[in-house]
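Q: Here is a sequence together with a model predicted from it:
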Amino acid sequence: MREKLQAQDFSKFNPLKPKLLEVVDGMLATDIARLMAQIPKEEASAPAGTNGSSDPTVKGGAFSQTTEAETPFGFGRYDARWGEGFDKGADEAEWVVNRERTAADSTFESLGPVNGFLSGRAAKEHMVKSKLPNSVLGKVWKLADIDKDGQLDADEFALANYLINLKLEGHEIPAELPKHLIPPSKRGVQDPVYPSLNDNDE
């Protein structure tokens, strides 16, 4: 390893992302511990005499449909206990973005909105501070600019910041904005708008 690293320019390495480290620390501190605690329960629930039996079928434990539904590795979307990433808040009445929008609203006002809207240029100057690639920020913009008017109101700006933070935490930007992330102000006027990325944006 030393031989390999001697030829490397450490100044060109990507900087550490504190938020990603926090996610890993949380997984090690809680999720892994929770999963390890399940092992004795699975062994205790195994039928007597199954160890060393000639039956090759793997049953129970992590292979049980019931168990899968109770862990973050179950099929489908996470439930309220495990909701994270873009699924977080899917089963709640309150718009999940509101939880983290205090700073976004303050930034929105500091950027000088005109008639309640930020121009694309003003919003871009803020968004690039995340240091995410332009290709990613372009996807964020397409999902956040729900009415496709080339500018962001306070709700759309808060949504853009929320999407950026999720990306910085290591989650992938979805091709279509989940229904629960659409700002309440943009719902139910006519048919709900579901911003999505076309094939050229992938």
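A: Perfect, thanks for sending it. All figures in this text were calculated on a predicted structure; none of them were measured in a lab.
Q: need the helices for the protein, in chain order.
A: For the chain, applying DSSP state H gives helices covering 2-6, 18-26, 32-45, 65-69, 102-110, 120-127, 134-144, 154-168.
Q: quick one: least confident helix or strand in this protein?
A: helix 65-69 (a mean of 42; mean pLDDT, DSSP states H and E).
Q: Quick check: which ranges of the chain have low pLDDT?
A: When residues are selected by pLDDT under 70, those of the chain lie in 38, 40-84, 188-202.
Q: Can you check which of the helices of the chain gets nearest to F86?
A: Counting by Cβ to Cβ, F86 lies closest to helix 154-168 out of the helices of the chain; the figure is 6.3 Å. Every residue, glycine included, has its C-beta placed from N, CA and C.
Q: That closest one packs against which elements?
A: The elements that helix 154-168 packs onto, with contact taken as 3 or more Cβ pairs under 8 Å, 6 or more residues apart in numbering; DSSP states H and E, are helix 18-26, helix 102-110, helix 120-127, helix 134-144.
Q: winner for burial among those helices?
A: helix 134-144 (a mean of 18; mean count of other Cβ atoms under 10 Å).
Q: Now for L168: which residues touch it?
A: By Cβ atoms under 8 Å, 6 or more residues apart in numbering, L168 lies in contact with K17, K19, L20, S130, L132.
Q: Could you check how far the nearest residue to the first one once chain neighbours are set aside is from V97?
A: When you say that, I think you mean K17. Using Cβ to Cβ, 6 or more residues apart in numbering and skipping the chain neighbours, the partner closest in space to K17 is L168 (6.5 Å). Remark: distance between L168 and V97 (Cβ to Cβ, to the nearest Å) = 15 Å.
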